[in-house]
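> Pasting the sequence and the predicted coordinates here, then a few questions.
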Amino acid sequence: MKFLSIFISLLIILQVSTAQKAKPLLPKEKLEKQKTYRSWEEAAFNKKKVYILNLDSKGLKQIPTDIGKFIRLQELYLRNNEISELPAELFALPNLQKIMLGENKIVEIPSDIKNLKNLEEIDLFSNYISEIPREIGELESLKKLDLNWNQLRSLPAEIGNLKNLEVLYLEKNKLETLPAEIGNLTALKELKLSENQINKIPDEIGNLVLLPELNLSKNNLGKLPAGIGNMENLRVLHLEENQLTSVPDELGKLENLEELYLRSNKITSLKGNSINLPALKYVDLSINKISYISINTNNIDSLKTLDLELNNLTVFPESICKISSLEKLNMSRNSIDKVPGALGSLKNLKECNLSGNKIYSFSKYAGDMPQLEILDLSHNALMLLPNQMSGMKKLKTLYLTNNPKINDFQRKQIQKNLPNTQIYY
C-alpha cells in the first residue's frame, strides 16, 4: 500500500512537470506582436518569454544545447551560419512551428525530427544533406519544405505522407527519380525540381492538380508520363534542357496552360494537339532539332509568342500562319529558303525574326502585315523585296545586314516603299 502511494505521488509529480513544459501555442496574430530576440545572451536571460529567436548570420558553428530550455519557442532563425550538426535538444521543443536553417553546413537531418509535431515550415536551403529520413513523413503539420541546393539522391516513399504540404523545393540536388508516392501530395501548390538528374517522372504526378507551375528544367528526361495531362490547373511548365525527343499529345489536355518552355531538347517534330491549347500564350521550342511542323490550330487563339530559333526547318510551316493571335515569331537560324504568302495572314504580328536562314524569296503576299514593327531578315540570301511591303505601315525597324545580293538600286526602292522605317544594311 505504501509502495502504491509513492508510485501515485511520483506519477502526479511527473504529470505536473510535463504540464509545465507543454505550453500553449500563440496564434499567428499574437505571435506577430511578440518581440524578436536577436541576441543569444538576451534570449538566454529571458528563456520563458522567447517565442521568436533570430540568430541569422552570427557566425555560429553549433546550436547551444541550452536551446532546449526555450519552451515557448515557435520560430527559430539560424540562416547563414556554419552549423554542421543539429543537437537532440532542438527536437525536444514541442512548440516549434518554423525552423530556418538555410546556408549552413548541415549534412544530416536526425530522425528525431519526427518529434516536432507542430512544425509547419523548415528551410534547409544550401546545405550538404544527402538523405532525408523516413521519419519526415510523421510531420503531419508541415506545409513548406525547402531542400534546394543540397546533395539529395533520392526521396523516401514516406514523403507522400505529408498530406498538408503545400510547398516543396528540391532544385539543384542529385535526384535521379521520384517516388510514386509524390502523387499523394495533393495539397501541393509549389514544386521545384530543376537542376537534378531526373530521368523518369512517375505517372502519379498527374494527381497534383493544384499546381499552377511545374519546373523540371535541366534534368535528363527522355519522355513525359501520360499523367501530366491530368494537371488541370497547370499554367506554366518548364522543361528546358532535357533529352525530350517529342512533345506528347498529353500536353494537349492542359487547357489552362499559358507558358510552355522546351528550349534545348532533342525534339524532331511538332505535330498533332501538343500545343493546341486555348489558353497558351508563350511557347519556346528554340535549340532543338525540329525539321517538321504540322500542328492542329483549331483551339489556338491566345498564343502571342512562338520561338523556334536554331532548329532544322527547311520549309516555312504554313500551319503556323493560321495562328492569327501571334504577335512575336522567332524562326532565326534555321535553313528556310522561302517566305510564303501565308505569312501575310498574321495580321497581329508585331515582331518577326527570320535572320540566319537561306531566304532568297519573300512572297509579295507576305508583305501586308499592318501591325508589324520589327522585321529581321539579316544574314540571308535576298536579292529583292516586294513593293507590297509598303503595306507594313507600322514597321519601325528592318534588318537587312549580310544580304550581299541586295544592290544600291534595291536599297533605294526599299526605302521608297518604307519611308518611315529605319533600315540597317
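Alright, I've got the coordinates.
> what are the ranges of the strands in the stretch 1-150 of the chain?
Using DSSP state E, counting those that start in this stretch, the strands of the stretch 1-150 of the chain run over 36-37, 52-54, 75-77, 98-100, 121-123, 144-146.
> I'd like the ones you listed written out as CSV, with distance to Pro404 and mean pLDDT added.
Yep, even glycine has a C-beta here, placed from its N, CA and C like the rest. Below are the strands of the stretch 1-150 of the chain laid out as CSV (distance: least, C-beta to C-beta, whole Å; pLDDT from 0 to 100):
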stretch, distance to Pro404, mean pLDDT
strand 36-37, 68, 97
strand 52-54, 66, 98
strand 75-77, 64, 98
strand 98-100, 61, 98
strand 121-123, 58, 98
strand 144-146, 55, 98
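> Throw those strands into a markdown table and include mean neighbour count and distance to Met392, thanks.
Formatted as a markdown table, the strands of the stretch 1-150 of the chain follow (neighbours: other C-beta atoms under 10 Å; distance: least, C-beta to C-beta, whole Å):
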| stretch | mean neighbour count | distance to Met392 |
| --- | --- | --- |
| strand 36-37 | 16 | 61 |
| strand 52-54 | 19 | 60 |
| strand 75-77 | 21 | 58 |
| strand 98-100 | 20 | 56 |
| strand 121-123 | 21 | 53 |
| strand 144-146 | 20 | 50 |
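> Now distance to Met369 too, for those strands, in JSON lines please.
Output for the strands of the stretch 1-150 of the chain, formatted as JSON lines (distance: least, C-beta to C-beta, whole Å):
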{"stretch": "strand 36-37", "distance to Met369": "59"}
{"stretch": "strand 52-54", "distance to Met369": "58"}
{"stretch": "strand 75-77", "distance to Met369": "56"}
{"stretch": "strand 98-100", "distance to Met369": "53"}
{"stretch": "strand 121-123", "distance to Met369": "51"}
{"stretch": "strand 144-146", "distance to Met369": "47"}
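> For Lys304, which of those strands is the nearest?
Lys304 lies closest to strand 144-146 among the strands of the stretch 1-150 of the chain, at 33.2 Å (C-beta to C-beta).
> For the stretch 201-350 of the chain, which segments count as strands?
Going by DSSP E, counting those that start in this stretch, the stretch 201-350 of the chain shows strands at 213-215, 236-238, 259-261, 269-272, 282-284, 292-295, 305-307, 328-330, 338-339.
> so which of the strands of the stretch 1-150 of the chain gets nearest Ser325?
The nearest among those, by C-beta to C-beta, is strand 144-146 at 37.5 Å.
> list the helices and strands the closest one packs on?
strand 121-123, strand 167-169 (3 or more C-beta pairs under 8 Å, 6 or more residues apart in numbering; DSSP states H and E).
> Can I get these in CSV including distance to Asn54?
Below are those laid out as CSV (distance: least, C-beta to C-beta, whole Å):
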stretch, distance to Asn54
strand 121-123, 13
strand 167-169, 21
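> would you put the C-alpha positions of stretch 39-46 in PDB?
What follows is stretch 39-46 as a C-alpha-only set of coordinates in PDB (Å, rounded to 0.1, in the frame of the first residue of the first chain):
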ATOM      1  CA  SER A  39      21.000  38.100 -29.200                       C
ATOM      2  CA  TRP A  40      21.600  34.800 -27.600                       C
ATOM      3  CA  GLU A  41      22.600  36.400 -24.300                       C
ATOM      4  CA  GLU A  42      19.400  38.400 -24.100                       C
ATOM      5  CA  ALA A  43      17.300  35.400 -25.100                       C
ATOM      6  CA  ALA A  44      19.000  33.100 -22.600                       C
ATOM      7  CA  PHE A  45      18.200  35.600 -19.800                       C
ATOM      8  CA  ASN A  46      14.500  35.600 -20.800                       C
END
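> contacts for it?
Tyr37, Val50, Leu53, Leu55, Lys58, Pro64, Asp66, Phe70 (C-beta atoms under 8 Å, 6 or more residues apart in numbering).
> Could you count how many residues lie near Glu29?
Glu29 has 7 neighbouring residues, counting by other C-beta atoms under 10 Å.
> Just the pLDDT at it, thanks.
Looking at Glu29, its pLDDT reads 94.
> ok, of the contacts of stretch 39-46, which come out buried?
Tyr37, Val50, Leu53, Leu55, Phe70 (16 or more other C-beta atoms under 10 Å).
> Can you check my assumption that Met389 lies in a helix?
Yes. Counting by DSSP: H, G, I helix; E, B strand; the rest coil, Met389 is found in a helix.
> Surely it touches Asn417?
Yes. With contact defined as C-beta atoms under 8 Å, Met389 reaches Asn417; the gap is 5.5 Å.
> who has more neighbours, those two?
Met389 (21 against 18).
> and the spatially closest residue to the more buried one that is not a sequence neighbour, how many neighbours does it have?
Among residues not flanking Met389 along the chain, Gly367 sits closest, at 4.1 Å (C-beta to C-beta, 6 or more residues apart in numbering). By other C-beta under 10 Å, 21 other residues sit near Gly367.
> Pull the contacting residues for Gly367.
Gly344, Leu385, Pro386, Asn387, Gln388, Met389, Ser390, Gly391, Met392.
> Report the buried members of those residues.
Taking 16+ other C-beta under 10 Å as the criterion, what is buried in these is Gly344, Leu385, Pro386, Gln388, Met389, Gly391, Met392.
> and the two most separated of those?
Gly344 and Leu385, at 13.4 Å, using C-beta to C-beta across those.
> Columns mean pLDDT, mean neighbour count and distance to Leu400 on top of the strands of the stretch 201-350 of the chain, output as a markdown table?
As requested, the strands of the stretch 201-350 of the chain are exported to a markdown table (pLDDT from 0 to 100; neighbours: other C-beta atoms under 10 Å; distance: least, C-beta to C-beta, whole Å):
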| stretch | mean pLDDT | mean neighbour count | distance to Leu400 |
| --- | --- | --- | --- |
| strand 213-215 | 96 | 20 | 39 |
| strand 236-238 | 97 | 19 | 35 |
| strand 259-261 | 98 | 20 | 31 |
| strand 269-272 | 92 | 18 | 29 |
| strand 282-284 | 98 | 21 | 26 |
| strand 292-295 | 94 | 16 | 26 |
| strand 305-307 | 98 | 19 | 22 |
| strand 328-330 | 98 | 20 | 17 |
| strand 338-339 | 94 | 20 | 14 |
